[in-house]
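J.: Need a 3D model of the following:
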Amino acid sequence: MPADFRRVHGDEEDRAHRCPECDSWVRICEGSAAGKDVVTPDPQTSPARNAGEPWDGGLSG
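T.: Prediction:
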């Protein structure tokens, strides 16, 4: 996980609890990566919320 992602989206200690591979950007921007409970459904428990396959870190071309 890049340091910039952890700094921007992580908690007070720059730790990311979720990432784009396991969560949606909407939830990350709401605070899920900082460990906060958010209102948007989790794509791990509601797969259709992610509108497709999880992000692969840019590895697929």
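J.: For Arg7, the count of nearby residues, please.
T.: Counted with other Cβ atoms under 10 Å, the neighbours of Arg7 add up to 10. (C-beta placed from N, C-alpha, C; glycine too.)
J.: Report the contact partners of it.
T.: Going by Cβ atoms under 8 Å, 6 or more residues apart in numbering, Arg7 touches Asp14.
J.: Distance of it relative to Met1?
T.: Counting by Cβ to Cβ, to the nearest Å, the separation of Arg7 from Met1 is 11 Å.
J.: got a list of what Val39 touches?
T.: Per Cβ under 8 Å, 6+ apart, neighbours of Val39: Glu30.
J.: so where is this protein shaky, pLDDT-wise?
T.: Low-confidence regions of the chain, defined by pLDDT under 70, span residues 47-58, 60-61.
J.: And the helices in it?
T.: Under the criterion DSSP state H, the chain contains helices at 3-9, 25-30.
J.: Now distance to Leu59 too, for those helices, in TSV please.
T.: TSV is the format used below for those (distance: least, Cβ to Cβ, whole Å):
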stretch	distance to Leu59
helix 3-9	16
helix 25-30	17
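J.: Of these, which stretch is the most buried?
T.: Comparing those by mean neighbour count (mean count of other Cβ atoms under 10 Å), helix 25-30 ranks first with a mean of 17.
J.: List the contacts of that helix.
T.: The contact list for helix 25-30, computed with Cβ under 8 Å, 6+ apart, reads His9, Arg18, Cys19, Pro20, Lys36, Val38, Val39, Thr40, Asp42, Pro43.
J.: So among those, which ones count as buried?
T.: Neighbour-count burial (16 or more other Cβ atoms under 10 Å) applied to the contacts of helix 25-30 gives His9, Arg18, Cys19, Pro20, Val38, Asp42, Pro43.
J.: any chance of the residues you listed in TSV, plus distance to Ser32?
T.: Compiled in TSV, those are given as follows (distance: Cβ to Cβ, whole Å):
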residue	distance to Ser32
His9	9
Arg18	5
Cys19	10
Pro20	11
Val38	5
Asp42	8
Pro43	10
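J.: Straight-line length of stretch 26-38, end to end?
T.: For stretch 26-38, the first-to-last residue distance is 10 Å (Cα to Cα, to the nearest Å).
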